[in-house]
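1. Let me see the structure of the following:
(2 chains)
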Amino acid sequence: MSGDLSAPVAGLRALLLQALHPLAMAGVDQHSDWRQDPVGRLAATSAYLSTVSFGERAAAERAAARVRRIHATVSGVDEVTGRPYAASDPALLLWVHIALVDSNLVARSLFGTPLSLPDADRYVSEMVVAAELVGVPRAMVPATLAQLASYIEATRADLMCTRAASESMAFLLDPAGLDEDIAEIWQDIRAGAVGSLPDWAAELYGFERAPLTPERRTEIRQALGVLDAVYIGEPGVLEARQRIAVRVRAAHQHT
Amino acid sequence: MTSRRMGRRLAASGIAIVGSIVLAGLGVAARRQLGTRRKQAGGSDPARPIRAAMLRLDRGLAAVRLVARGGARYAGSAPRLFAAAGEQRQQLRQDLALQTAEDVAQTLGAMKGVMMKIGQMASYVDEGLSPSVRRTLSRLQDSVPPMSAELAAGVVEEELGSRPERLFAEWDPEPIAAASIGQVHRAITRDGRAVAVKVQYPGIAEAIAADLENVALLRRMLRITAPAQDVDALLAELRERILEELDYRREAVNQTLFAEFYEGHPTICVPKVIGELSTRRMVTSELAVGSRFADLAAMSQYERDLAAETIYRFVFRSLYELHAFNGDPHPGNYLFHGDGRVTFLDFGLVKHFTAGELYPLMQMARNLCVRNDPEGFRRSMELAGFLVPAAPLSTEEVVEHLAVFYATIRKPGPVTIKPEYSSTVVRRFFDVRSPVAEYVSIPRSYVVLQRINLGLFAVIGELSATANWRAIAEEIWPFVRGPASTPMGEAEVAWQARRSSRQTEAQSL
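-> Numbering: from 1, shown residues only, chains lettered A, B, ... in the order given. This next block holds a predicted model:
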């Protein structure tokens, strides 16, 4: 109830999928300062997602408007495909959105508390509004599990692993300077994200993957538990979780 | 509504954590460079194990703090050992109560229950814990809501075959306190006794046992949380103690041992266990009512001195006569009744010693304090495994480093144990820079003892209690058996006489 352990794996898996869209990656690569300030970039993204997730409706809309404004200034030509791109292109935004939705479902089913099929279906449909907020027309957004699967299937043809994608993901998967003890925990998170990718995505990256045996999944889950415990220790996190849990309960009772 | 909120926040915290890991990595890298530079500046000194430990500590802190903010040091503040674990969890959030065994698994599975227990223990074992590690561990305790009334009743029913309302004449469905892996309910038995019933979270024992299997991850966590210790010895001891604690029947046996030993004692009270209402996942004992540790602050110094004397007597009499130590000197485990009377609660973590393990401890005290024989002291330390044999240190250095632990009992006369004293002891204990530190270690069987020792001094220091500790120790030391030195000591003599006559009676029957 108080959040799911699998969230870090979901986040990393989503980034891996998102980077496979050459135009999305080109936009990030050419316009973002992530190479100079990877931490700042991640922090800003995470702040945005927090606002949209927990914030009041108005705050979420303001934040989304800001994101849309920034996206409006981001456009160019992808050096790899020669295709023009614009960050406000709903097709790009939709892929970014769906990568996250799909990753949450997959990571949860492998390492967290799986949702039942009807719950997963409802989750996909409830997430439509988040895509709308950043500027994807409602009609484009998959609203069921089946639509989600066929959208991913149809989009595969547009995906490839560009140099920018493999470089940036290599950085993320193996951050420089991690200490031994942390690196080992990080390895479990990474194994979870890489191991839970669809085969075709792993092949695009050329990842070699050890199978996710039940024992391996348990280990990954335990590492996630440690991370989650550490996260709870950060100021405000526990209170935020408790507020959300109480709200969710209240919502349950009303339905 | 429900899963949307849940789902969206999943994504958010996912990214946040990815971000913070990178942050932690950067912090670690920066620190490591600093460490290297420091080492170079230090000259040609080879990297000694102590250095490695310091470096590990540095990294560990950075890792657990997860924020790349430099500077904070761990040793600066006085050890308020109790602030660490679980105190705050007393505010039980019924609105967040766990409803199902699945909720329990989610809250306490995946290492979290294990981390809580390790935190609880490590907070006494290792003052090397940074404030942020402490905060993390205590927040973890706070994060565990109580069981719903229904879930707790379900455990009772599974254990004893009937609903608690039928089993007891009266059952309070609202818990009165949190225990680390359970919670405490008030009840009245069918024969009219007021009792406290500790009920374990369902599924928690299995989850913790499974998580304790992941030794590799545990070792990593310990390297981060308790870097100054011998990790493998600590890990072995912690695993064993935690596994023991999962079975409340052991606690019932231990508590009964203490309750029977101290029966009729003038100031020490241990609630009796009601065996027929105790099982693997619940333990029922007489309900004790009294003031909490925090209330002592408002009482007279005289009253606090008496309370400290009782605690001191309890710890050392248990050690030397029962060969057992209640491993949880947490102030939440005491109730105070005035005139020095103290009730001791929670026997979930009791360490039993063999005579062979106790002997060197006695010899150490005897050689240093009674015989005034430093060489003998050193030999007994080596025998116990506290000191590497033939370490290139003078005996004066050894004594100088370690005598602080005996400062209150080396000479007769009243001594006030102040909070500063307990900080000194703790700081000395974890002083990795001392030339002696390199040759000192704590053998596995004494890990818990050390924790209690530090906890005891912290408790007594908090009370700023004065007594002739040496004279009290002499009363209890089997190698001295000194005369009663205080009114409480005299009352104890009478109690002991009653005890032995009871025993003779029992034998002749």
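2. pLDDT at residue B:10, what is it?
-> The model reports residue B:10 with a pLDDT of 34.
3. Could you do residue A:244 as well?
-> On pLDDT, residue A:244 comes in at 77.
4. cool, and residue B:332?
-> pLDDT, residue B:332: 77.
5. what about residue A:119, neighbour count?
-> 15 (other C-beta atoms under 10 Å in any protein chain shown). For the C-beta atoms, the positions are set from N, CA and C on the backbone; glycine is no exception.
6. Same question for residue A:82.
-> Counted by other C-beta under 10 Å, the residues lying close to residue A:82 total 7.
7. Spell out the secondary structure type for it.
-> Secondary structure assignment for residue A:82 (DSSP: H, G, I helix; E, B strand; the rest coil): coil.
8. What of residue B:162?
-> Residue B:162 - assigned by three-state DSSP - is coil.
9. Next one: it, what pLDDT does it get?
-> On pLDDT, residue B:162 comes in at 96.
10. what number of residues lie near the nearest residue to residue B:413 once chain neighbours are set aside?
-> Distances taken as C-beta to C-beta, 6 or more residues apart in numbering or on different chains place residue B:468 nearest to residue B:413, at 6.1 Å, with adjacent residues excluded. Around residue B:468 there are 19 other residues, counting by other C-beta under 10 Å.
11. can I assume residue B:468 is in contact with residue B:489?
-> No - Residue B:468 lies out of contact with residue B:489 (C-beta atoms under 8 Å); the separation is 9.9 Å.
12. Which of the helices or strands spans residue 118?
-> Picking chain A for this. According to DSSP states H and E, residue A:118 maps onto helix A:117-126.
13. that's the wrong chain, I wanted chain B
-> helix B:112-125.
14. Now do that helix, average pLDDT.
-> pLDDT averaged over helix B:112-125 gives 71.
15. pLDDT wise, what is residue B:26 at?
-> Taking residue B:26 on its own, its pLDDT is 32.
16. Show me the shaky parts of the stretch 1-150 of chain A.
-> Applying pLDDT under 70 to the stretch 1-150 of chain A flags residues A:1-3, A:33-56.
17. So what's the residue count around the residue in it that chain B sits nearest to?
-> Residue nearest to chain B within the stretch 1-150 of chain A: residue A:11 (2.8 Å; C-beta to the nearest C-beta). By the criterion of other C-beta under 10 Å, residue A:11 has 30 neighbours.
18. Tell me the gap between the one helix or strand residue A:107 maps to and the middle of its chain.
-> Residue A:107 belongs to helix A:90-111 when assigned by DSSP H and E. Computed by C-alpha atoms, centre = their mean, to the nearest Å, the chain-centroid distance of helix A:90-111 equals 6 Å.
19. What are the phi and psi values at residue A:136?
-> Taking degrees, to the nearest 10, you get phi -100, psi 130 for the backbone angles of residue A:136.
20. shouldn't it be in contact with residue A:93?
-> Yes - at 5.1 Å, residue A:136 counts as touching residue A:93 under the criterion of C-beta under 8 Å.
21. the helices in the stretch 101-250 of chain A, which residues?
-> A:117-126, A:128-134, A:145-155, A:163-173, A:180-195, A:199-205, A:214-232, A:237-254 (DSSP state H, counting those that start in this stretch).
22. Tell me which of those helices lies nearest to residue B:392.
-> Between residue B:392 and those, the tightest spacing by C-beta to C-beta is seen for helix A:180-195, at 30.8 Å.
23. The stretch 151-300 of chain B against chain A: which residues are in contact?
-> Within the stretch 151-300 of chain B, the positions lying close to chain A (C-beta under 8 Å from any C-beta of the partner chain) are B:210-211, B:214, B:216-217, B:220-221, B:223-224.
24. by how many degrees do the helix holding residue A:118 and helix A:145-155 diverge?
-> 60 degrees (axes from the mean of the first three to the mean of the last three C-alpha atoms, to 10 degrees).
25. Any chance of TSV for the helices of the stretch 101-250 of chain A, columns distance to chain B?
-> Conversion of the helices of the stretch 101-250 of chain A to TSV gives the following (distance: least, C-beta to the nearest C-beta, whole Å):
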stretch	distance to chain B
helix A:117-126	3
helix A:128-134	6
helix A:145-155	13
helix A:163-173	8
helix A:180-195	5
helix A:199-205	17
helix A:214-232	3
helix A:237-254	5
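26. least reliable of the ones you listed going by mean pLDDT?
-> helix A:237-254 has the lowest average pLDDT among the helices of the stretch 101-250 of chain A, namely a mean of 77.
27. Buried residues of it, list them for me.
-> Neighbour-count burial for helix A:237-254, counted by 16 or more other C-beta atoms under 10 Å in any protein chain shown, picks out A:237-238, A:240-242, A:244-245, A:248-249.
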